[in-house]
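# need coordinates for the below:
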Amino acid sequence: MSNVLSTASCKVSLFAKWFAGIGLLIMTAIIAMQVFARYVLNDSPAWAEQAALLLMIWYVFIAAAAGVREGFHIRIAVFADSLPAKLRHVVLVVAHLVVVFFGIAMAYFGVELAQETWQHVIPTLGISRGYAYVPIALSGVLITGFAIEQLIAELRSTEVKKLWN
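Residues are numbered from 1 along each chain as shown. Below is the predicted model of the structure:
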């Protein structure tokens with residue numbers, strides 16, 4: 001994989017992890033504020049629950065995409081690691097191809113879902129329900145790109161440089 005693409009991929013992954021981390025912090029602050037308002041002020045804001053849910057959808061999908069690049073996504077490595085080198089290589093290539101196609105499906109159907117729900121409004125937020133589904137498409141695009149990077153590295157018998165070792 002070219003150094004430019006690898007560097008760009010690394011930066012996108014780093015951005016995704018920061019985005020997810022900041023989203024988690026903001027969601028936690030909203031929930032804390034909601035609990036305080038409900039039990040101390042006896043007046044919980046109506047928008048807090050939906051805002052926290054929307055943030056969670058965004059940061060979970062974006063973090064999942066970064067997980068594909070960084071290798072912290074759910075997978076069963078014990079099986080692949082126990083195989084002979086040639087067979088392990090084939091299994092990993094097939095696994096990366098499956099993830100590529102899964103990412104493409106997420107992108108396609110995420111766009112379709114966002115379009116179908118764009119006219120629906122989240123009442124407490126006053127924004128389109130489609131915003132809850134945009135991260136599915138965005139994550140699909142990122143997952144596809146990161147999986148292709150992993151696939152190319154596997155075909156070249158190299159490794160994707162992780163943000164940490």
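
# next, V121: phi, psi?
phi -110, psi 140 (degrees, to the nearest 10).

# once you drop chain neighbours, what's closest to it?
In this structure, V121 finds its nearest non-sequential neighbour in S128, 6.3 Å apart by CB to CB, 6 or more residues apart in numbering. Quick note: C-beta positions are derived from backbone N, CA and C, even for glycine.

# I figured the one you found was touching V134, is that so?
No: between S128 and V134 there is no contact under CB atoms under 8 Å: 9.3 Å.

# on the three-state scheme, D43 is what?
When classified by DSSP: H, G, I helix; E, B strand; the rest coil, D43 comes out as coil.

# okay, now it: neighbour count?
D43: 7 surrounding residues under other CB atoms under 10 Å.

# give the contact list for it.
A37 (CB atoms under 8 Å, 6 or more residues apart in numbering).

# check which helices and strands the helix or strand where K17 lies sits against.
Here K17 sits within helix 3-39, counting by DSSP states H and E. When contacts are defined as 3 or more CB pairs under 8 Å, 6 or more residues apart in numbering; DSSP states H and E, helix 3-39 sits against helix 48-70, helix 134-155.

# just how off-centre is the next helix or strand after the first one within its chain?
Read it as helix 48-70. From helix 48-70 onward toward the C-terminus, using DSSP H and E, the following helix or strand is helix 77-81. Centroid displacement of helix 77-81 relative to its chain, using CA atoms, centre = their mean, to the nearest Å, is 23 Å.

# ok, then the element right after helix 77-81?
Using DSSP H and E, the first helix or strand after helix 77-81 is helix 85-117.

# what comes up buried for that following helix?
The neighbour-count check on helix 85-117 (16 or more other CB atoms under 10 Å) flags 92, 95-96, 99-100, 103, 106-107, 110-111, 113-114, 117 as buried.

# quick check: which ranges of the chain have low pLDDT?
Residues of the chain meeting the criterion pLDDT under 70: 1-2, 73-77, 164-165.
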